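K.L.:
Task: produce atomic coordinates for the following.
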Amino acid sequence: MKKGRTIGVLAILALSLSLIFSQAVIGQEQALDEVKRLNQKAKELYGEGKYSEAIPYAQQVLTIVEKALGKDHPNVATSLNNLAGLYKVIGRYSEAEPLYKRALEIREKIRGSEHPDTAIVLRMLAELYRVTGRYAEAEPLFKRSLAIVEKALGKDHFSVAASLNKLAVLYESTGRYADAEPLHKRALEIMEKALGREHLATAIIIDTLAELYRVTGRHAEAEPLYKRALEIREKAYGEKHPAVALILKNLAFLYAATERHPESQNLFKRGISIDDLMRENVFLLFNEKQKISYMNQKEGSIHAFMTHTVKYMPS
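P.N.:
Numbering: from 1, shown residues only. Modelled structure (predicted):
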């Protein structure tokens with residue numbers, strides 16, 4: 001009789017545990033379905049250049065994934081990386097850095113220090129250091145990222161091209177143009193072969209190579225590259241995307257340097273008008289410090305263009 005009761009108790013316990021497990025699985029599945037929905041919305045907004053609007057969705061994704069999968073899960077690292085990328089693209093660098101560092105810590109712990117997923121975060125963190133002028137911190141991270149992907153994926157992989165291009169841009173930022181050019185060219189060759197001549201990732205490299213030519217006075221080589229990158233981005237994003245605005249403004253600087261001032265001013269105005277589409281979201285979603293930083297950045301961009309234009313005006 002005692003044995004029968006024991007078996008009965010064990011059966012009830014097993015059933016209870018099974019129900020708890022099933023409920024946990026169902027809850028996790030529901031959470032992950034919500035993550036897919038939120039991620040898709042964030043991706044759509046990012047594709048439209050509405051970076052500030054995408055941030056709340058990315059924040060929700062991170063919260064849900066942490067709760068459902070635990071704080072050290074690889075998907076948490078991905079969510080951290082995505083949110084940090086949104087902060088970085090709108091200049092909220094101090095908020096992006098700790099997210100990148102935490103994502104890197106998770107990737108190194110789970111994937112290992114030589115995994116391509118780890119290399120992605122290294123490259124992103126290095127780029128953050130570059131845009132904030134921390135060049136000495138950026139270079140070893142870029143080089144480490146490049147070494148990882150070359151070893152893991154082979155020298156002709158598109159991730160190698162992306163890492164080469166980022167390192168080249170760093171060299172440009174520090175005036176090492178002779179070191180930058182061969183890296184840009186190798187990156188472009190790999191990317192065209194891996195993803196195609198009309199891919200958005202290819203356009204990024206075309207634009208950065210054009211920028212190298214522009215700042216070194218090789219205007220005739222820069223112009224067709226800018227136009228090619230612009231065509232790819234307009235085809236993919238439409239004419240009102242921030243990535244389109246960036247090339248329009250770069251091309252405006254080129255035209256000013258070649259004394260084509262009416263064309264230059266028209267392109268710069270187009271670029272600024274696209275940037276202005278973001279202003280409403282900035283003032284809705286940013287705090288006061290971030291708003292001031294955004295306006296200072298805008299003012300600096302306009303001042304730089306005016307100074308550049310005056311430099312090439314006929315005396």
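K.L.:
What residues does the nearest residue in space to Tyr100 that is not next to it in sequence make contact with?
P.N.:
Counting by C-beta to C-beta, 6 or more residues apart in numbering, Leu125 is the residue found nearest to Tyr100 once chain neighbours are left out, at 4.3 Å. In this view, the C-beta of every residue, glycine as well, is placed from N, C-alpha and C. Leu125 makes contact with Glu97, Tyr100, Lys101, Leu104, Leu141, according to C-beta atoms under 8 Å, 6 or more residues apart in numbering.
K.L.:
Let me know whether the last one touches Arg130 as I believe.
P.N.:
No - between Leu141 and Arg130 no contact is recorded; they are 9.4 Å apart, counting by C-beta atoms under 8 Å.
K.L.:
For this protein, just list every one of the helices.
P.N.:
Using DSSP state H, the helices of the chain run over 2-47, 51-69, 74-89, 93-110, 116-131, 135-153, 158-173, 177-195, 200-215, 219-237, 242-257, 261-276, 279-285, 288-311.
K.L.:
Mean pLDDT added to the ones you listed, as TSV?
P.N.:
Listed next are the helices of the chain as TSV, based on pLDDT from 0 to 100:
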stretch	mean pLDDT
helix 2-47	69
helix 51-69	92
helix 74-89	94
helix 93-110	97
helix 116-131	96
helix 135-153	97
helix 158-173	97
helix 177-195	98
helix 200-215	96
helix 219-237	96
helix 242-257	93
helix 261-276	90
helix 279-285	64
helix 288-311	69
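K.L.:
Please report the distance of the spatially most central residue of the chain from Leu251.
P.N.:
By C-alpha atoms, centre = their mean, the chain has its centre lying nearest to Gly85, at 4.8 Å. According to C-beta to C-beta, to the nearest Å, Gly85 and Leu251 sit 25 Å apart.
K.L.:
List the contacts of the closest residue to Ser301 other than its chain neighbours.
P.N.:
Leaving out its chain neighbours, the residue that sits closest to Ser301 by C-beta to C-beta, 6+ apart is Lys249, at 7.3 Å. Contact analysis of Lys249 by C-beta under 8 Å, 6+ apart lists Leu267, Phe268, Gly271, Ile272, Ser301, Phe305.
K.L.:
for these, which one is nearest Pro242?
P.N.:
Set against Pro242, the nearest of these by C-beta to C-beta is Gly271 (9.2 Å).
K.L.:
got the contact list for that closest one?
P.N.:
Applying C-beta under 8 Å, 6+ apart, the residues near Gly271 are Ala245, Leu246, Leu248, Lys249, Ala252.
K.L.:
What of Thr118?
P.N.:
Applying C-beta under 8 Å, 6+ apart to Thr118 gives the contacts Leu104, Arg107, Glu108, Arg111, Gly112, Ile148.
K.L.:
Check the burial of Thr63 by counting its neighbours.
P.N.:
13 (other C-beta atoms under 10 Å).
K.L.:
Quick check: it vs Leu195, distance?
P.N.:
For Thr63, the distance to Leu195 - C-beta to C-beta - is 33 Å.
K.L.:
try Leu146
P.N.:
Applying C-beta to C-beta to Leu146 and Leu195 gives a distance of 18 Å.
K.L.:
Comparing these two, which residue is more hemmed in?
P.N.:
Counted by other C-beta under 10 Å, Leu146 and Leu195 do not tie: Leu146 has more neighbours, with 22 against 14.
K.L.:
In space, what's closest to the more buried one - neighbours in sequence excluded?
P.N.:
Distances taken as C-beta to C-beta, 6+ apart place Ser163 nearest to Leu146, at 4.1 Å, with adjacent residues excluded.
K.L.:
Quick check, the one you found in contact with Ala126.
P.N.:
No - if you go by C-beta under 8 Å, Ser163 and Ala126 don't touch, sitting 9.2 Å apart.
K.L.:
before we move on, the earlier item: neighbour count for the contacts of Thr118 - can I get that in CSV?
P.N.:
Below are those laid out as CSV (neighbours: other C-beta atoms under 10 Å):
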residue, neighbour count
Leu104, 21
Arg107, 24
Glu108, 17
Arg111, 16
Gly112, 11
Ile148, 24
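K.L.:
which residues touch the residue nearest to Leu146?
P.N.:
Ala119, Arg123, Phe142, Ser145, Leu146, Val149.
K.L.:
Of those, which is the nearest to His241?
P.N.:
Distance to His241, by C-beta to C-beta, is smallest for Arg123 among the contacts of Ser163, at 22.8 Å.
K.L.:
tally of neighbours for Asn81?
P.N.:
The tally of other residues near Asn81 (other C-beta under 10 Å) stands at 22.
K.L.:
Let me fix that, I meant to ask about Ile110.
P.N.:
Using other C-beta under 10 Å, Ile110 has 15 other residues around it.
K.L.:
Nearest spatial neighbour of it, chain-adjacent residues omitted?
P.N.:
Counting by C-beta to C-beta, 6+ apart, Ile110 lies nearest to Pro74, which is 5.3 Å off, once chain neighbours are set aside.
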